[in-house]
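Trainee: turn this into a structure:
(2 chains)
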Protein chains: 2
Amino acid sequence: MPADLHPFDAAIRLLPDGDDAFAGATSPGYANMVGPYGGIVAAQLLNAAWTHRARAGEALALTVNYAGPIADGPFRITARPVRTNRSTQHWWIELTQSGEPAATASAVFGARRETWSSTEIAPPEVPPATSLARSRVAGRPAWFGRYDFRVVRGDLPDFAQPREAEDSESCTWVRDDPPRPLDFPALAALCDVFYPRIYRRRGKWVPAATVTLTTYFHADGGALARQGDRFVLGVARSLRFGAGYADQTAEIWGDDGTLLATSFQLVYFKE
Amino acid sequence: MPADLHPFDAAIRLLPDGDDAFAGATSPGYANMVGPYGGIVAAQLLNAAWTHRARAGEALALTVNYAGPIADGPFRITARPVRTNRSTQHWWIELTQSGEPAATASAVFGARRETWSSTEIAPPEVPPATSLARSRVAGRPAWFGRYDFRVVRGDLPDFAQPREAEDSESCTWVRDDPPRPLDFPALAALCDVFYPRIYRRRGKWVPAATVTLTTYFHADGGALARQGDRFVLGVARSLRFGAGYADQTAEIWGDDGTLLATSFQLVYFKE
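Mentor: Okay, here's the model as predicted:
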């Protein structure tokens, strides 16, 4: 592997391993408390289709299902183009370890065309990223160090001093560390940078894990290129907690106010 | 088929057709302008896993990908339990016609447990369904007649008198017609009752179709039973239109203010 490869590119690197199949491995730099950071898994799954010779068009949508634990070490991803029609291409993607599925995904690629456009929401008014201090990395899972967080509101609670929040919303500038030009796999990973909202509401750590994550990519390749390696603004909240599950909805904004992606996840929690 | 079967139950009816496979067919009563109503396809796909002997737990999440046109007539659905872990069960579901995939889905089932709970949004204040007139059915695709719509705000525009709306949000009471007790397949179908938001913004008909649809079920079986066959309140809006695609986000509320489901879709449009 080239020594100067960005940690993100090293983490999502896949080698051909048969028809529609690729070999990859977990990266210690993107480790979470247990297993890998969910965002890097999303990026790895997307990357299998993204780099597949049959891929047609840009990423439009990605749904990742976290079906079982992923152990540190090698994995295999199969990516199969299920159906290509005039405007969209549908994929089924599966990550297995020792033959057992640990994560699955469906992805939609497609051609974008010039059309009428409108954005009905606006990004929150926030101070620039560079005016804010970087979030603490020490004592947090490794993947936190792969991102430069400049939190506007709702930083990860101090678990030593539990304090409940009245709402689940948080807002943060974030970019890869070291900085890296934005592309679809990186944006897919960024959609999962928000710690579980239950931490914020309960003001403490509780067992929690993403069950399923869906992202809609609103930006095209040109908009991603224009954003480059600068900070993006992420806003996330939950609408409903109950019966062991919470949803989470998030927007990722470019620093020029472009809506790059919206993302949704269902999170398991025990509290 | 029993003569007194509800049209919805007749439409989602599946017969065993081999291991993990079922035979079904489109229903004229749920026809859309071209092909079947997307909500009934979602319900059919979910029903394959829901009625599968290996199913464990209640429906938590469903993602449906509309991969190609579905012709009037028979289809085959395969539903495969990909992985069952301690709390959740992950499914991959595929609808084929003449061996070609036309729709795919992933579904997550799981056990719900008593936990801390909170709902951060509230339903809009609206008049009761029974105080509102039923939406017109005549001249609209057949599936409109399978639902009793009592629109609070943002009815389907009159295509004969184009008029743009400033925002995409609409709000409607809706229930099956004839009334039918709510269950997971019916709720999955209800999440797609909102006409494409581009119709509302542009005030006219434009070619549009759902590409992918994700639903999170917040209600458990008990909450669905309590809701019974009464009207639910649906609220839907788009955040972003552009480059031939729009998102749509929706909430489905029980008439007692319970958040039953949240749903997201990406819609193709040509305008």
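
Trainee: from now on I want contacts and neighbour counts done on CA atoms only, so please keep to that.
Mentor: OK.

Trainee: could I have the CA atoms of stretch A:17-34 written out in CSV?
Mentor: These are the backbone C-alpha positions of stretch A:17-34, laid out as CSV (Å, rounded to 0.1, in the frame of the first residue of the first chain):
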residue,chain,number,x,y,z
ASP,A,17,-11.4,-11.1,-5.2
GLY,A,18,-13.5,-12.8,-7.9
ASP,A,19,-16.6,-11.7,-9.9
ASP,A,20,-18.4,-8.9,-8.1
ALA,A,21,-16.3,-9.5,-5.0
PHE,A,22,-13.6,-7.6,-3.2
ALA,A,23,-11.2,-8.1,-0.3
GLY,A,24,-10.8,-5.5,2.4
ALA,A,25,-9.9,-5.2,6.1
THR,A,26,-10.8,-3.1,9.1
SER,A,27,-8.5,-0.2,10.0
PRO,A,28,-7.3,0.4,13.6
GLY,A,29,-7.5,4.2,12.8
TYR,A,30,-11.2,3.9,12.4
ALA,A,31,-11.9,1.6,15.4
ASN,A,32,-14.9,2.4,17.5
MET,A,33,-15.5,1.2,21.1
VAL,A,34,-16.4,-2.2,19.8
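
Trainee: same question for it, mean pLDDT?
Mentor: Stretch A:17-34 comes out with an average pLDDT of 97.

Trainee: which other residues reach that stretch?
Mentor: Residues from elsewhere that reach stretch A:17-34 (CA atoms under 8 Å, 6 or more residues apart in numbering or on different chains): A:7, A:11-16, A:36-37, A:40, A:48, A:52, A:71-80, A:141-146.

Trainee: flag every buried residue along that stretch.
Mentor: Residues A:20-27, A:29-31 are the ones in stretch A:17-34 that count as buried (16 or more other CA atoms under 10 Å in any protein chain shown).

Trainee: just how off-centre is that stretch within its chain?
Mentor: Relative to its chain's centre, stretch A:17-34 lies at 15 Å (CA atoms, centre = their mean, to the nearest Å).

Trainee: is stretch A:87-101 anywhere near chain B?
Mentor: Yes - among the residues of stretch A:87-101, A:88-90, A:101 lie within reach of chain B under CA under 8 Å from any CA of the partner chain.

Trainee: buried set for that stretch?
Mentor: For stretch A:87-101, using 16+ other CA under 10 Å, the buried residues are A:87-97, A:101.

Trainee: and those residues, which two are furthest apart?
Mentor: Farthest-apart pair in the buried residues of stretch A:87-101 is A:Ser87 and A:Gln97; separation 33.5 Å (CA to CA).

Trainee: for the one helix or strand A:Phe149 maps to, output the C-alpha coordinates as PDB.
Mentor: Under the criterion of DSSP states H and E, A:Phe149 resides in strand A:147-153. Coordinates of each C-alpha in strand A:147-153 appear next as PDB, following Å, rounded to 0.1, in the frame of the first residue of the first chain:
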ATOM      1  CA  TYR A 147     -12.100  13.800  12.100                       C
ATOM      2  CA  ASP A 148     -11.500  17.400  13.100                       C
ATOM      3  CA  PHE A 149     -14.700  18.300  15.000                       C
ATOM      4  CA  ARG A 150     -15.500  22.000  15.700                       C
ATOM      5  CA  VAL A 151     -18.700  21.700  17.700                       C
ATOM      6  CA  VAL A 152     -21.100  24.600  17.600                       C
ATOM      7  CA  ARG A 153     -23.700  23.000  19.900                       C
END
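
Trainee: that strand pairs with which strands?
Mentor: Here strand A:147-153 has these sheet partners by DSSP bridges: strand A:170-176 (antiparallel).

Trainee: show me what the next helix or strand after the partner strand is packed up against.
Mentor: Following strand A:170-176 in sequence order, the next helix or strand is helix A:184-190 (DSSP H and E). Taking 3 or more CA pairs under 8 Å, 6 or more residues apart in numbering or on different chains; DSSP states H and E as contact, the helices and strands that helix A:184-190 lies on are helix A:38-50.

Trainee: show the subsequent helix or strand relative to the helix it packs on.
Mentor: Trace forward from helix A:38-50 with DSSP H and E and the next one is strand A:58-66.

Trainee: still on that earlier bit, adding pLDDT, write the residues of stretch A:87-101 next to chain B out as JSON lines.
Mentor: Listed next are the residues of stretch A:87-101 next to chain B as JSON lines, based on pLDDT from 0 to 100:
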{"residue": "A:Thr88", "pLDDT": "96"}
{"residue": "A:Gln89", "pLDDT": "98"}
{"residue": "A:His90", "pLDDT": "98"}
{"residue": "A:Pro101", "pLDDT": "98"}
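
Trainee: identify all contacting residues around stretch A:112-121.
Mentor: Residues contacting stretch A:112-121 (CA under 8 Å, 6+ apart): A:57-58, A:220, A:259, B:167, B:238-245, B:270-271.

Trainee: widest-spaced pair of those?
Mentor: Top of the distance list for these (CA to CA): A:Gly57 and B:Asp167, 29.6 Å.

Trainee: the stretch 101-250 of chain A: strands as residue ranges?
Mentor: A:118-119, A:147-153, A:170-176, A:208-217, A:232-237, A:240-242, A:245-253 (DSSP state E, counting those that start in this stretch).

Trainee: in a markdown table: those, plus mean neighbour count.
Mentor: Converted to a markdown table, the strands of the stretch 101-250 of chain A look like this (neighbours: other CA atoms under 10 Å in any protein chain shown):
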| stretch | mean neighbour count |
| --- | --- |
| strand A:118-119 | 14 |
| strand A:147-153 | 21 |
| strand A:170-176 | 24 |
| strand A:208-217 | 25 |
| strand A:232-237 | 25 |
| strand A:240-242 | 22 |
| strand A:245-253 | 24 |
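
Trainee: let's have those in TSV, adding distance to B:Tyr216.
Mentor: What follows is these, written out as TSV (distance: least, CA to CA, whole Å):
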stretch	distance to B:Tyr216
strand A:118-119	24
strand A:147-153	27
strand A:170-176	21
strand A:208-217	10
strand A:232-237	15
strand A:240-242	10
strand A:245-253	8
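
Trainee: JSON lines for those, including mean pLDDT and distance to A:Tyr66?
Mentor: Converted to JSON lines, those look like this (pLDDT from 0 to 100; distance: least, CA to CA, whole Å):
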{"stretch": "strand A:118-119", "mean pLDDT": "97", "distance to A:Tyr66": "31"}
{"stretch": "strand A:147-153", "mean pLDDT": "98", "distance to A:Tyr66": "22"}
{"stretch": "strand A:170-176", "mean pLDDT": "98", "distance to A:Tyr66": "23"}
{"stretch": "strand A:208-217", "mean pLDDT": "98", "distance to A:Tyr66": "5"}
{"stretch": "strand A:232-237", "mean pLDDT": "98", "distance to A:Tyr66": "20"}
{"stretch": "strand A:240-242", "mean pLDDT": "98", "distance to A:Tyr66": "19"}
{"stretch": "strand A:245-253", "mean pLDDT": "98", "distance to A:Tyr66": "14"}
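
Trainee: still on that earlier bit, so among the contacts of stretch A:17-34, which ones count as buried?
Mentor: A:7, A:11-14, A:36-37, A:40, A:48, A:52, A:75-80, A:141-146.

Trainee: can you narrow the residues you listed to ones near chain B?
Mentor: Answer for the buried ones among the contacts of stretch A:17-34 near chain B: none qualify (CA under 8 Å from any CA).

Trainee: which ones among those residues are found in helices?
Mentor: The members of the buried ones among the contacts of stretch A:17-34 that map onto helices under DSSP state H are A:7, A:11, A:40, A:48.
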